[in-house]
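Colleague: Below: sequence and its predicted model.
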Amino acid sequence: MIEISGSFWIVLTGVLATASCGLLGTFLVLRKMSLLGDALSHAVLPGIAIAFLLSGSRAIVPMFLGATLFGLVTTLLVEAFHKKWQVQEDASIGVVFTALFALGVVLITAFAGQVDLDQECVLYGEIAYTPWDLLLWGEYSLGPRPVWILGGVLAVNLLLVTLFYKELKIASFDPAMAVSVGINATLIHYLLMAMVSLTTVASFESVGAILVVAMLIVPGATAYLWSDRLEVVIGLAMFFGMSSAVVGYYLASYWDSSIAGAMVVVVGGIFLFSLLFSPNQGVLSRLWQRLQLSLQVAQDHMLLALVRRDEEVEERARLRPDELVGSAAVLGILAQMAFRRLRWRRLLQQVDGMVELSAAGEQVALGLLRKHRLWETYMNRLGLPEDHVHAPADVIEHFISAELEAELGAEVGDERDPQGKQIPPSG
Amino acid sequence: MLENALRFMTLADANVRFVLLGSLLIGATGGLLGSFAVLRRRSLVGDALAHAALPGVALAYLWTGSKALPVLLAGATVSGVLGVLLMQFIINFTRIKADAAIGIVLSVFFGIGIVLLTHIQRTGSGNQSGLDKFLFGQAASLVEDDLKVMSVLAGLIILVLVLFFKEFKALIFDPSFLQSLGYSTRWIDVLLMGLIALTVMVGLQAVGVVLIAAMLITPAVAARFWTEQLNKMVLLAAAFGGASGIVGTFISSLAPRIPTGPVMVLVATFFFVVSALLAPKRGVLARGLRRQHNARREAQQHFLRACIELQEKLAQQRAWAIEELAIEMGHSPDKVKRIGRQLEKAGLVLRQDGRFSLTEAGLEEGLFVVKSHRLWEHYLYYRTILDADHVDRPADEVEHLLTPEIIVRLEEILARERGIDTEQIINLHGTGSQYRRGGRE
Amino acid sequence: MSQNTHPIQIHDMTIAYHKKPVLWDVDLDVPEGQLVGIIGPNGAGKSTMIKAIMDLVPKASGWVKIYGKDYGEMRKIIGYVPQRESVDWDFQISALDVVLMGRYGHIGWMRRPGKEDRCIARESLDKVGMGDFAERQISQLSGGQQQRVFLARALAQDARIYMMDEPFAGVDAATERAIIDILVTLREQGKTILVVHHDLQTVTEYFNWVIMLNMRVVASGLTREVFTDENLQKTYGGRLTVLSQAAQAMAEQRRGDR
């Protein structure tokens, strides 16, 4: 019984923390402030440590005050070093957060006797103890304290983002515009930073600094790969964060290790998956598109080879398949694939072991030839010598849209191309 | 504690010598390479690299079962470099920007490292602990063999740095020029990244992956305050780094519970703060003094100009009461009195019976100021379509800054274009300068 | 015409970046209903001037009045088209979202855009010929289309004065034509439009009023009167070495004073 509800509370804590982080992280990534988020979640440590030492307890209010103070100091110092002293921005982030984090670690280890925190906990939290850290109301237990705190923080974050959604959006996309319509972009900046500080503090003791950094940046960036709509990106980021909290917990119990670390590993896995398989941005879809393009180019080259030969011999020319494949001027295997695709599209027909253009193939090929020669003529008109225009036309011909073709046609007319060859009529 | 300090100071213990030498190497190489990393805007890439090294340490141990430094560092290098390559891949192939890519690599690799470390801790038998010193560093754990490895790495770093110093320098200041000379900037960049990776490896055990980046960044930024020259900056950064290493190690040896890394970083930060405050040109203090000096000089020149302009108005009078000057200058009498005292000390004015008059030197300086002011007014007036009443304010600011060369040019232009004889732009003997435009009088 | 009917009045405005003056002592009155071109060489302070009018950069001295009042009171009647490169076009929002931002000044804090705002945004997109691209993510638009979206956003602001920072930079001929047609329509409706412009050849064709700038106002007035060879020579002649030398001296003297 206690086993089951224990896991439940741990997972719930992780889910609440990652939801908050995912929500805010999307804005950090969009605003190119990921590293400031990283710095902030390290730099609040001395604030937390000092609050611990002074109040002698884990009360949230002093910790939040301490952390917000240091969060603010970080933001201000980074800006001052960068703008006033011309220190490179990344270097000034680096100086500030490493110094503050070092200070925090030293404070915690130096006063280890009085502080119920240790250096490992700072890095990866004590989420496993969540079920025993109960919030008591008189004698009744209301459930684990971190769940209440993180739930409250999530509610605050959701409320603020909903209320100021429009302002966050415009201040992130176009700060100058925001200011010009009377929205204070600086205020929005500090509001976001305050929310990040709050979330960091609340998450710190249960999930530690790494999980906060990872969950701020990775889910937002991952969602960035999947969608073009901000609302969807935010939703996806929260979803990725929360599901990695759930899966991470079971991974950690299966392969006995840090729970927070395992959650990070899972979200890293989701990122890697997205990097490979996302439909627009993914590596595989990019490679696929590139392959399609090369195939298209190879097919175009073969059609052009045939139609030029037709023109030379003034009748339907036939080529041996291997001659034709050779004319594609691409890697052998690609050329073979392109050849097969041309036959499948019925643009080629085979007669006595030779290939020739079909009627449909001739149409397509003449269209291509027209584009090629239009472009050559156009470039030639612009004053480029004849021997300079063929190679570029070879590249451009695959990309000329119907619109551009019409424009070029109007410009060039029905002239002959620079080599004196007829430009095929349109249609 | 005292015993520890004594052991340290006397260098009696061989182990202490190793630890000290190690810290010195770490700090110095960090400062050397850090200068390039910071100027090339790679400082946080170094951070990502360091964090990404952690899983390599753990995996190397898991595979070989050995905790020998060369083995662990080999693993760390492989995974660190892998992390940087992945980061570069993300930046090049997706729309994710560099900052997020750094953050992703840094946090995910570190997360993997933590999972592996905790797994080793919880399941390994007996001899498993010790890897966690790679988190925050433990200089005291350095032994002779470790030091040999570190020295070899540091020697390699310094050798390559010396050999390619000129290329790195060009890479930082003008990469496109370097390319135009036929060098491949990409490969020089890769070489620099490689050196940064090695530098991180030197410090991994004693400083830890979490904060080693600070040993690259902070000493370099501190050195930047003192000099504009790369050679000096590099050496100074190395000195700051080395000193941070030694002092940090010493302090943490007094309280062994505190890990070395954070202490070294705090010492380096101390050097940074001192530099930011005290550096002769760019330091806060120097800037404050310079600003004060400028303000004082401007106020004094105003005073002198006021004297001369009063003299133009009232040709017979040679000494003026504080109140008269205060009205002319638009300042409070107290302020005028203060400025007058300063000028008196400088021998530019005399004070008799509460009235100020110009000395010979004061007259000369004052005439120069007034001339600058008037020339500038004329220039703005004729060269632009300003109304007469605007000309004065910018002239008030500019007069303090015009160099003699600019004045000569102004005189030429005004004489050529407007036929103004600039010799007569000031008239101390008539009823005010005839060349002053109507706007003010 | 009485004083406060001028849409834009600038008096003795000096702008400095890091203590280095980039615009000296600007005095301007722009009358209502003009299509104004702001021209001048690189670094002449063209963009700076419109940013200063909109309080986006601090003034070292002087003031700006919009219909006789401070900018803060009048910002609702000013529409702004920043340089296209000033924003990140990878941002995950649609063209319609961008245009809706033009309504934010009217909506106020914490409230969401309503039906009417969406309606206005769609109309604005239609006006620039981008109605079919409303749902398209902005990175998938061509440079000219992105510029049209920016223009639509300004239209959605429903302003009386428009400030445009190089709207013709890097756009195709068709977009340039479309933009200028819209600007002319706006002027015919009595709006005042300030356009930072680079192409001297089209100045007389596009603008009926011109401000010639080179660190200070060289000339300002009806195009046919002030767009003369003499003024062009003054604007582009580079004879301001003393002005920029002095600016440099001020910057150097005070470097570190901040």
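Modeller: Received it, and whenever you're ready, just let me know what you need.
Colleague: got the contact list for the helix or strand where B:Glu323 lies?
Modeller: B:Glu323 is part of helix B:322-329 when elements are defined by DSSP states H and E. Helix B:322-329 is contacted by residues B:302-303, B:306-307, B:309-310, B:332-333, B:335-337, B:340, B:354, B:356 when judged by C-beta atoms under 8 Å, 6 or more residues apart in numbering or on different chains. Heads up, the C-betas are built off the backbone N, CA and C, glycines and all.
Colleague: Report how many residues lie close to the closest residue to C:Ala159 other than its chain neighbours.
Modeller: Spatial nearest neighbour of C:Ala159, excluding adjacent residues (C-beta to C-beta, 6 or more residues apart in numbering or on different chains): C:Gly79 at 3.5 Å. By the criterion of other C-beta atoms under 10 Å in any protein chain shown, C:Gly79 has 26 neighbours.
Colleague: Over to C:Gly79. Which of the three states is it?
Modeller: strand (DSSP: H, G, I helix; E, B strand; the rest coil).
Colleague: Check whether the one helix or strand A:Ile93 maps to comes close enough to chain B to count as a contact.
Modeller: Assigned by DSSP H and E, A:Ile93 belongs to helix A:89-110. Yes: using C-beta under 8 Å from any C-beta of the partner chain, helix A:89-110 reaches chain B at A:90-95, A:98-99, A:101-103, A:105-106, A:109-110.
Colleague: residues near the closest residue to chain A within the stretch 101-250 of chain B, how many?
Modeller: Of all residues in the stretch 101-250 of chain B, the one sitting closest to chain A is B:Gly111 (2.7 Å; C-beta to the nearest C-beta). Using other C-beta under 10 Å, B:Gly111 has 31 neighbouring residues.
Colleague: cool, B:Phe303 as well?
Modeller: 26.
Colleague: what angle separates whichever strand or helix holds it from helix B:322-329?
Modeller: Applying DSSP H and E as the criterion places B:Phe303 in helix B:284-313. Interaxial angle of helix B:284-313 relative to helix B:322-329 (axes from the mean of the first three to the mean of the last three C-alpha atoms, to 10 degrees): 100 degrees.
Colleague: Pull the distance from helix B:284-313 to the chain's centre.
Modeller: Between the centre of helix B:284-313 and the centre of its chain there are 29 Å (C-alpha atoms, centre = their mean, to the nearest Å).
Colleague: Show the secondary-structure elements that it is packed against.
Modeller: In terms of contacts (3 or more C-beta pairs under 8 Å, 6 or more residues apart in numbering or on different chains; DSSP states H and E), helix B:284-313 is packed against helix B:260-278, helix B:322-329, helix B:333-345, strand B:349-352, strand B:355-358, helix B:360-383, helix C:241-254.
Colleague: mind listing what's buried in it?
Modeller: Going by neighbour count (16 or more other C-beta atoms under 10 Å in any protein chain shown), the buried part of helix B:284-313 is B:284, B:286-287, B:290, B:294, B:298-312.
Colleague: For residue 165, which residues are in contact?
Modeller: No chain was given, so I picked chain A. Taking C-beta under 8 Å, 6+ apart, we find A:Tyr165 in contact with C:Arg112.
Colleague: ah, no, chain C please
Modeller: C:Asp165 neighbours (C-beta under 8 Å, 6+ apart): C:47, C:50, C:81-83, C:86, C:196.
Colleague: burial measure for residue 59, as a count.
Modeller: Assuming you mean chain A. There are 11 residues near A:Ala59, going by other C-beta under 10 Å.
Colleague: wait, chain B
Modeller: Residues near B:Leu59, counting by other C-beta under 10 Å, number 18.
Colleague: and the stretch 1-150 of chain B, which residues reach chain A?
Modeller: By the rule C-beta under 8 Å from any C-beta, the part of the stretch 1-150 of chain B lying against chain A is B:38-39, B:41, B:43-44, B:47, B:90, B:93-97, B:99-104, B:106-108, B:110-119, B:122-123, B:132, B:135-136.
Colleague: buried subset of those residues?
Modeller: B:38-39, B:43-44, B:47, B:90, B:94-97, B:99-104, B:106-108, B:110-119, B:132, B:135-136.
Colleague: can you tell me which of those residues are up against chain C?
Modeller: B:Arg95.
Colleague: So which of the buried ones among the residues of the stretch 1-150 of chain B next to chain A sit within helices?
Modeller: Counting by DSSP state H, the part of these found in helices is B:38-39, B:43-44, B:47, B:90, B:99-104, B:106-108, B:110-119, B:135-136.
Colleague: same for the longest helix belonging to chain C, what does it pack against?
Modeller: Ranked by residue count and defined by DSSP H, the top helix of chain C is helix C:173-188. Helix C:173-188 sits against strand C:35-39, helix C:143-156, strand C:192-196, with contacts defined as 3+ C-beta pairs under 8 Å, 6+ apart.
Colleague: let's go with 6 Å and repeat that
Modeller: Applying 3 or more C-beta pairs under 6 Å, 6 or more residues apart in numbering or on different chains; DSSP states H and E, we find helix C:173-188 packed against no helix or strand.
Colleague: average pLDDT across it?
Modeller: Helix C:173-188 shows a mean pLDDT of 89.
Colleague: Over to stretch B:96-111?
Modeller: 92.
Colleague: Repeat that for stretch A:341-350.
Modeller: For stretch A:341-350, the mean pLDDT works out to 84.
Colleague: For that stretch, measure first residue to last.
Modeller: Its first and final residues considered, stretch A:341-350 spans 14 Å by C-alpha to C-alpha, to the nearest Å.
Colleague: same deal with stretch C:99-117?
Modeller: Using C-alpha to C-alpha, the end-to-end distance of stretch C:99-117 comes out at 10 Å.
Colleague: what does stretch A:316-330 give?
Modeller: 25 Å.
Colleague: next one: it to chain centre, how far?
Modeller: 43 Å.
Colleague: residues in contact with A:Met302?
Modeller: A:Met302 makes contact with A:324, A:327-328, according to C-beta atoms under 6 Å, 6 or more residues apart in numbering or on different chains.
Colleague: who's in contact with the host helix or strand of A:Leu334?
Modeller: For A:Leu334, the element it lies in under DSSP H and E is helix A:332-344. Helix A:332-344 is contacted from outside by A:294-295, A:298-299, A:325, A:328, A:348, using C-beta under 6 Å, 6+ apart.
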